[in-house]
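> No letters, just coordinates:
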């Protein structure tokens, strides 16, 4: 069975590789190789980007023999040492190498715990001066009851009605949401390479967190509930809630939207840009229900998680201290009327354009906000700040 | 499985065998769909009330029909088996009923009314004829005995030059921008009344603001729609999914098929052509305000299965709603004037008497006559139908001394979840002798032949399994029985397959239908139509169209065929007209939609644009006259239904706001003429079938050598109608 390339059901990160098909990125160090992040063990392969053709290596050996001459020792004073921990160095790194830097910057501050049905994702506050650390709850998630999933299953069956209409989108969306977001904002690997990197890291973070939550909550897929769902694509082996597509799409949409706003460039200040990005993310999420691989409530959980992570990442990029956590309680995903819930996913229930910046809202009984109890002067990430600044500059008008 | 025929004695036969087949045989699969026992199904029936006495025009009233039902041996509480739609107000119930009425009833009532065709039972039941349509669970309908009582609000004032446009269809995305306008900076729905039979039902004792009560689905006022539009416009754009959810038009927890959630929905497209105006176009703002819309969205489940004409049986209720809401409009200047009304019904069927006597044709005539009585101008527009190439019509002529029979090879498809049926209508309007003609039916797989004579009033044989389960019925219904002028044979077959356990099924394959007539009968002519039972575009798999298989029928052009002079196919290409002097019994001529054969409605065919425009051929699918009605020998005109050979269909509204999609068919040519009629009526000009015919003749004069024949295009192709939304498909649009 082929689980390769961009068509495997689990290769959402790997499918960033589709950017490689755009051409020049391949030669720059290939974001496509981000695909290998799907399997963490292969991070090392990032360094092997299309280099060292054997014929050249052979030639360089003989060439050196021919011209190097007698060895001349070097005095240490002749060479100046680089500054350490200097973002200027990031410029000289291949994008794929930077990815590893950023991944540690982000991932080293994420913690996880599961107890009593609660899956918790933490942000690790660190103060390197004291030194001291403290875990703050960034996301808390509880899965819905079986009754809720059973109700939701009928919606999954009914949504199958849209499969002929949406099949083209569903297949294309097996890859990352980037192709759909770049139809809204002018993202292009050659025009906005740092924005692509930033979105790549958004995707990385979403995937990094969502997979751990899925594993922990272990929610059965629609195909495990009924033999009549018969999804139109392969059902991924990981759990149903939260929806990875919803998490990734909303996370990337939120990061991109906040980046555009941050640029201060007209017309990106208009909410229509955010409206379109959130609609696109919602469409991607709903299409997974149409395909038969997700319950609507999976999209709810995914959207909340994705928006949360997007806001979190932007804060870290902007050298601001994260200060907000969110809780999704799936057991409360009902209208209070009793057994049947039959509630669909509507992203507007979780998004507030009027807040500053626009983002998650807690108007429902199953999504709530918590504030960090800040006791530590959290250290900021300079590499992430560097990436944000570079990406932001790509959206300035040329005047 | 072994099947045998049962012949019925005269005393056991029923008034309407099709109705009997629907409530006692097709009910097997319907009950499974609804997950209730067959006896608990409620059916919508369209009925012709009986006359109080033969020489008067007075019919039994609804109240009398209610009272008579107590004497049918079903108990004295009609609530258990009969419901008069609460839409009928008190003042309608006590007086002579109109020629067509609607009732909701259970099977025991239907069987009691249908019992014994030999005896005239109008005085016992109050009903002269009826047809059975959509089926419901009890909870699907508001079981309310007393009429709905609600405040209709003040009259809606329209500017001078207004015409109310009513559209009856399915899948109507009423929130599309083409159906909105801006009024003092506010978004306003141009749909002033919207009965969504698919809609989520609300508690009639606690209706949401902006709704009115309805027996089925929900009904919105323009104010209600406007409020929900404004509540769901974010950042200047309508959130379509949220809007349709908020007005109860979508509900994924209970609806397996939701047309307005699809990219293309039939009703949206049709309504866009009939009455859509861009909300932000200065050019159209004035006209848009003068074209308020009344929309009736038929139940998707009834449109899904065309085999029972279920959508057509809604027509009475739909028209009653439209006329009732139309009453609320008034022209502001001059004050008190009633605005004209044009109704578009872009649905067609294949079968029917084709002489204007069907229940749909009767209802349309009734409405248009009523408008004449009330002195407001009203027109109804129907498509010609798309069955020209479907091999669902046959012409039978028996004459001479020998070969006094004709065999039709009727192909019933496997995996067909809907009923299949053929009607063979005699040409003669006279009551005929029992030995005038005989229909013999022989099924595939060794099913023995069975014959039904032209025995008046009814004769029939049923095909049953060894266990007595019925899977087929052959009948003859004499001239003058029910509303029909002519006698006809019917062959009805149960589904050939279903994913549910609702067998036994009818065998698919070749069914031989032999019509024979003795020499004493002289020349015998008849026309046969297969009922429509295909799966409609965009719908889940359901029906599969049965058809006649005639070896003499030439679907495709071969050199040497004496083709009609306007046919110009490539070798192997499909023929649009019957070849000259064809010997085939399957014909393109005579395929006009069965609904479209009355005198009164405007009937529109479709043509495919080409360059030059005046050479445009008729669309291959656009159905053809003649009919059995000498006053309606074909469509009245035709309009563009395909932009070109490679760009089929014309553009109009897609389901999502801002989207435009292409759809072909006479369904899309009809509403373009509806729009044209709305303008004519608004300007005080006539726009009846004759006026449309004459206008088409003016746009497509007889001097044009490629003008299609009248049986395909009536007065001609309306070449001057504007291209409404599809200019981008025309590098050099016709002028």
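Alright, I've got the coordinates. Predicted model only: the values in this text are computed from it and were never measured. Numbers count the residues shown, from 1 in each chain, chains lettered A, B, ... in the order given.

> Residue B:336 touches residue B:330, doesn't it?
Yes - at 6.2 Å, residue B:336 counts as touching residue B:330 under the criterion of C-beta atoms under 8 Å. Where you see a C-beta, it was placed from the backbone N, CA and C, and this is true even at glycine.

> ok, these two, which is more surrounded?
Counted by other C-beta atoms under 10 Å in any protein chain shown, residue B:336 and residue B:330 do not tie: residue B:330 has more neighbours, with 16 against 9.

> does that one really touch residue B:376, like I thought?
No - between residue B:330 and residue B:376 there is no contact under C-beta under 8 Å: 10.9 Å.

> ok, how many other residues are close to residue A:107?
Other residues near residue A:107 come to 13 when the count uses other C-beta under 10 Å.

> Quick check, it in contact with residue A:208.
Yes - shown here, residue A:107 and residue A:208 form a contact pair, counting by C-beta under 8 Å, at 6.0 Å.

> show me the contacts for the residue of the stretch 51-200 of chain B at minimum distance from chain A.
Among all residues of the stretch 51-200 of chain B, residue B:200 sits closest to chain A, at 11.3 Å; criterion: C-beta to the nearest C-beta. For residue B:200, the contact set (C-beta atoms under 8 Å, 6 or more residues apart in numbering or on different chains) comprises B:217-218, B:248-249, B:251, B:254.

> By neighbour count, which of these wins?
Highest count within the contacts of residue B:200 by other C-beta under 10 Å belongs to residue B:249, 28 neighbours.

> Now do the same contact list for that residue.
By C-beta under 8 Å, 6+ apart, the contact list for residue B:249 reads B:174, B:196, B:198-200, B:258, B:260.

> Please apply the same query to residue B:334.
The contact partners of residue B:334, taken as C-beta under 8 Å, 6+ apart, are residue B:160.

> same question, the one 4 residues further on
The neighbourhood of residue B:338, defined by C-beta under 8 Å, 6+ apart, consists of B:329-331, B:374-376.

> And these, which of them are buried?
Buried members of the contacts of residue B:338, counted by 16 or more other C-beta atoms under 10 Å in any protein chain shown: B:329-331, B:376.

> Local confidence estimate at residue B:731?
Model confidence at residue B:731, given as pLDDT, is 74.

> and residue B:641, what helix or strand is that in?
Using DSSP states H and E, residue B:641 falls within strand B:637-642.

> of the contacts of residue B:338, closest to chain A?
Within the contacts of residue B:338, proximity to chain A (C-beta to the nearest C-beta) peaks at residue B:329, which comes in at 35.4 Å.

> Give the other helices and strands that the helix or strand residue A:61 falls within contacts.
For residue A:61, the host element (DSSP H and E) is helix A:54-67. If contacts are counted by 3 or more C-beta pairs under 8 Å, 6 or more residues apart in numbering or on different chains; DSSP states H and E, helix A:54-67 sits against no helix or strand.

> Buried ones in stretch B:691-699, by neighbour count?
Quick answer for stretch B:691-699 (16+ other C-beta under 10 Å): B:691-697, B:699.

> Scan the contacts of residue B:249 and report the most crowded one.
residue B:174 (29 neighbours).

> residues touching that residue, list them.
Counting by C-beta under 8 Å, 6+ apart, residue B:174 touches B:189, B:191, B:194, B:225, B:249, B:271, B:295.

> what do residue B:330 and residue B:376 both touch?
Residues touching both residue B:330 and residue B:376 (C-beta under 8 Å, 6+ apart): B:338-339.

> okay, how far is it across stretch B:51-66, tip to tip?
The first and last residues of stretch B:51-66 sit 15 Å apart, counting by C-alpha to C-alpha, to the nearest Å.

> What ranges does the stretch 451-600 of chain B have for its strands?
According to DSSP state E, counting those that start in this stretch, the stretch 451-600 of chain B carries its strands in the segments B:458-465, B:470-477, B:488-493, B:509-516, B:524-530, B:547-548.

> And for the second one, what's in contact with it?
Residues outside strand B:470-477 that contact it (C-beta under 8 Å, 6+ apart): B:3, B:16-17, B:20-21, B:24-25, B:439, B:441, B:443, B:450, B:452-455, B:457-465, B:484, B:487-494, B:504-506.

> Quick check: which ranges of the chain have low pLDDT?
Defaulting to chain A. Applying pLDDT under 70 to chain A flags residues A:1-50, A:337-341.

> wait, I meant chain B there
Using pLDDT under 70, chain B drops low at B:10, B:282-283, B:733-735.

> residue closest to the middle of it?
When C-alpha atoms, centre = their mean is applied to chain B, the residue found nearest the centroid is residue B:312 (4.0 Å).

> so how far is residue B:722 from it?
As defined by C-beta to C-beta, to the nearest Å, residue B:312 lies at a distance of 31 Å from residue B:722.

> From residue B:692, how far out is residue A:185?
51 Å.

> Return the subset of the buried ones among the contacts of residue B:338 lying in strands.
Filtering those for membership in strands, criterion DSSP state E, returns B:329-331.

> Tell me the helix or strand right after the strand or helix carrying residue B:367.
Using DSSP H and E, residue B:367 sits within helix B:359-373. Sequence-wise, the next helix or strand downstream of helix B:359-373 (DSSP H and E) is strand B:378-383.

> That next one packs against which elements?
strand B:341-345, helix B:359-373, strand B:602-608, helix B:666-682.

> Quick one: these as CSV, columns for distance to residue B:657 and mean neighbour count too.
Converted to CSV, those look like this (distance: least, C-beta to C-beta, whole Å; neighbours: other C-beta atoms under 10 Å in any protein chain shown):
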stretch, distance to residue B:657, mean neighbour count
strand B:341-345, 21, 29
helix B:359-373, 32, 20
strand B:602-608, 27, 30
helix B:666-682, 19, 27
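
> Please point out which parts of the longest helix along chain A sit buried.
Criterion DSSP state H: the longest helix present in chain A is helix A:193-217. If you call a residue buried by 16+ other C-beta under 10 Å, then helix A:193-217 has these buried ones: A:193-211, A:213-214, A:216-217.

> Could you check how many residues crowd around residue 61?
Using chain A. Neighbourhood size, residue A:61 [other C-beta under 10 Å]: 10.

> hm, I was asking about chain B
19.

> Correct me if wrong: it contacts residue B:101.
No - the pair residue B:61 / residue B:101 is not scored as a contact, 9.7 Å apart, by C-beta under 8 Å.

> what touches both of the two?
With C-beta under 8 Å, 6+ apart as the test, residue B:61 and residue B:101 both reach residue B:49.

> which residues touch residue A:185?
Contacts for residue A:185 were tallied using C-beta under 8 Å, 6+ apart; they are A:256, A:260, A:268, A:273, A:277.
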